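# sequence and predicted structure are below.
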Amino acid sequence: MPSVSFDNVRKTFGATTVVEDFNLVIEDGELLVLVGGSGSGKSTILRMVAGLEDVTSGTIRIDQRDVTPLPPRERDVAMVFQDYGLYPHMTVRENLSLGLRLRKVGGQEIDRRVTWAAGMLGLAPLLNRKPKQLSGGQRQRVAMGRAMVREPKVFLFDEPLSNLDAGLRAQMRIEIGGLQRRLRTTTIYVTHDQVEAMTLGDRIVVLADGRIQQVGRPIELYRAPTNRFVAGFIGTPPMNFVEGVIEGQDGAAFAADGMRVLLPDKTTATHGRSERVTLGIRPEDLKVDPAGDSASVAETGAIRGRVVLVERLGGLSHLHLDVGSRPHRLMASVSNDQLPAVGETITVHVPSDRVHLFGADDRALR
Amino acid sequence: MSPAREGPGAGKALRRIGLYTALTLAALTFIYPFIWMASSTFKPPIEVGTLALIPADPTLDNYRTMWARAPFGRALLNSVLVATTITLAVLIFGSMTAYALARLHFRGRAALNTVTLAVLLVPGQLTLIPLYTLIVQLGWIDTYAALIVPYLFNATAILMMRQFFLQIPQSLIDAARMDGMSELRILFTIFWPLSKPVLSIVAIFTFMGSWNEVLWPLLVVREQQLMTLPQLLTVFALGGGAGTVGVSLAAAMVLVIPVVIAYMFLQRNFIESMAGAGIKG
């Protein structure tokens, strides 16, 4: 059953269009992540679901009820804000219970829910403190608790982890994921961090310039990005892009200055020769070939490049390679055994099923 | 301490002594007349001319005479009523206006902001005559309305509060709306508690301004029973009703005490906002 649905939603601020043609159905219990850079419209979409922004045109439904004209309090949604939005002059208990008191929920029921949420989030010993006396992670939990006690139909998270340091962010990410799986409440989660999106989302919506670029499960977005933006946005370190043409001699290949990469057979059938394209290779799909020499380059479609930088990360290392005479810079993410030295020329190859191709309009070629 | 550091240390101490002496003298210059006035109200007429701070022969005659000659008790009540009503109105209506100007989006907001600012540029003397004419037309001469209504809104207060409200994080408003609060409720249960510094300073300035106002009451009130304290005092002292300096001073004392008390109550917030302290959640 759809829990939240968007029908041709559009939002403009004056002459600027921030969200356009937004159509999406979110299933009951799903955790949907909206991801995109700043100005992509992701927070605006969330705020429109919350009722904090008007919808310029289109319809938003929650549980099949049109909520577009309703104020926030009549929508049965709860929101967690980036800077928490806790009332500084109230205790944790008051922060948690205020929304319920305003909704005329009975005193016993309020106590039950506050105790339940505080227990789940480890806030019980902090109930009489003010937000100022809490750490960042604790404030974040209070903000989540305030949303939980409402027992809403939909949770909205607006970049909830961006004010936390890296360690705490990873921990809270796991907590939010675990909590959502236990409660099974439909959740819309906005972030600019693709790692958060990949690890948390049942599905991810990638946004750019107020338009949906792709919707899918995390692994689909990673394996089969529909355009160059999604390909570059999802995955760390980001995908390598090289511009070149499609050539066909014995099977189709991609050719650019100093490199030739074999393409899957089906590409030849659908695309003409000499078409200008962009090749995309994920750093983790590039394998160092220790036996590689110039001869194998022509045959297997391997890539020869000079190592200009080696970044050792511990478990993995990033090799930065210059390929060709007017060099393309490629990055390969490799294991630490047999790392080449800077200045050395090495051979790397990429399995043809891991190659991504994008046309002149930046759409993926399949 | 090393000898090398002793030189500047001693210089610093000397400078500090000099500074404190100067400050103490300055403080005395300010406080002396006030103490002299306070003590002179307890002096018999023959002593008032002296500069002594302690009355040789203390008496309450000045207060008794003052109280007997004019309705100062009634004037005190009038002043409290007028100043309190005006202060409350300025706080309530002013913060409502400031909230709308700072945090709500509506057509014409920018224009309203400009108009509010422009009001500040018009000197009060300029509006005195039109305002007086209006009060006469309304038939409000010799009423409390004449004393109170023209002061219910105050552009300075609105702008001060608006400036403060602009700093309160948007997420608090959003969270409150999600919690189901109306805008009025957000203003009074979220913004007010967080805006104590600016509310106190507006309250003090408004109260003092209204309390000390003489010119306007003189224009619109002629009946002694409706006169405010400073007005009655002016009429009393200038009209020769006081008779002696001591009695005039006693009346001035009655005028000053409520302001001092109000200041003492709100002092902490007052100094806080003067020091520009903000709020931090």
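Alright, I've got the coordinates. Numbers count the residues shown, from 1 in each chain, chains lettered A, B, ... in the order given.
# pLDDT below threshold where in the chain?
Reading this off chain A. A:1, A:248-251, A:265-274, A:291-301 (pLDDT under 70).
# should've been chain B
Across chain B (using pLDDT under 70), the flagged ranges come out as B:1-8, B:241-242, B:268-281.
# which residues does the residue of the stretch 101-250 of chain A found nearest chain B contact?
Scanning the stretch 101-250 of chain A for proximity to chain B using Cβ to the nearest Cβ identifies A:Leu102 as nearest, at 4.3 Å. For the C-beta atoms, the positions are set from N, CA and C on the backbone; glycine is no exception. Applying Cβ atoms under 8 Å, 6 or more residues apart in numbering or on different chains to A:Leu102 gives the contacts A:Arg73, B:Asp179, B:Gly180, B:Met181.
# contacting residues for the second one?
It refers to B:Asp179. So, once contact is read as Cβ under 8 Å, 6+ apart, B:Asp179 ends up touching A:Arg73, A:Leu98, A:Gly99, A:Leu102, A:Arg146.
# close to chain A: what parts of the stretch 1-150 of chain B are there?
Residues of the stretch 1-150 of chain B found near chain A (Cβ under 8 Å from any Cβ of the partner chain): none.
# can we see that at 10 Å?
Neighbours of chain A within the stretch 1-150 of chain B, by Cβ under 10 Å from any Cβ of the partner chain: B:His105.
# which residue does the stretch 1-150 of chain B bring closest to chain A?
Closest point on the stretch 1-150 of chain B to chain A, by Cβ to the nearest Cβ, is B:His105, at 9.7 Å.
# helix/strand/coil for that residue?
Three-state assignment for B:His105 (DSSP: H, G, I helix; E, B strand; the rest coil): coil.
# relative to A:Leu52, how far out is it?
B:His105 is 12 Å from A:Leu52, where distance means Cβ to Cβ, to the nearest Å.
# higher neighbour count, those two?
Using other Cβ atoms under 10 Å in any protein chain shown as the criterion, B:His105 and A:Leu52 rank with A:Leu52 on top: 21 against 7.
# ok so, going back, got a markdown table for the contacts of A:Leu102, with distance to B:Ala13 and secondary structure too?
As requested, the contacts of A:Leu102 are exported to a markdown table (distance: Cβ to Cβ, whole Å; DSSP: H, G, I helix; E, B strand; the rest coil):
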| residue | distance to B:Ala13 | secondary structure |
| --- | --- | --- |
| A:Arg73 | 64 | helix |
| B:Asp179 | 58 | coil |
| B:Gly180 | 62 | coil |
| B:Met181 | 57 | coil |
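# after the helix ranked longest in chain A, which helix or strand is next?
Assignment by DSSP state H gives helix A:166-183 as the longest helix of chain A. Using DSSP states H and E, the helix or strand that follows helix A:166-183 in sequence is strand A:186-191.
# tell me which residue is most central in chain B.
In chain B, the residue lying closest to the centroid (Cα atoms, centre = their mean) is B:Met208, at 2.0 Å.
# secondary structure element holding it?
Going by DSSP H and E, B:Met208 is in helix B:196-212.
# what packs against that helix?
Applying 3 or more Cβ pairs under 10 Å, 6 or more residues apart in numbering or on different chains; DSSP states H and E, we find helix B:196-212 packed against helix B:72-103, helix B:155-165, helix B:229-238, helix B:245-274.
# can you give me the buried ones in whichever helix or strand comes after that helix?
Using DSSP H and E, the helix or strand that follows helix B:196-212 in sequence is helix B:215-220. Buried residues in helix B:215-220, counted by 16 or more other Cβ atoms under 10 Å in any protein chain shown: B:Trp216, B:Pro217, B:Leu219, B:Val220.
# list of residues touching helix B:215-220?
B:75, B:78-79, B:82, B:124-125, B:128-129, B:131-132, B:135-136, B:140-143, B:145-147, B:150-151, B:210, B:226-232, B:234-235 (Cβ atoms under 10 Å, 6 or more residues apart in numbering or on different chains).
# export it as PDB, just CAs?
Output of helix B:215-220 as PDB, limited to C-alpha atoms (Å, rounded to 0.1, in the frame of the first residue of the first chain):
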ATOM      1  CA  LEU B 215       4.500  67.100  28.200                       C
ATOM      2  CA  TRP B 216       1.700  64.900  26.800                       C
ATOM      3  CA  PRO B 217      -0.200  64.500  30.000                       C
ATOM      4  CA  LEU B 218       0.000  68.300  30.500                       C
ATOM      5  CA  LEU B 219      -1.700  68.700  27.100                       C
ATOM      6  CA  VAL B 220      -4.500  66.200  27.500                       C
END
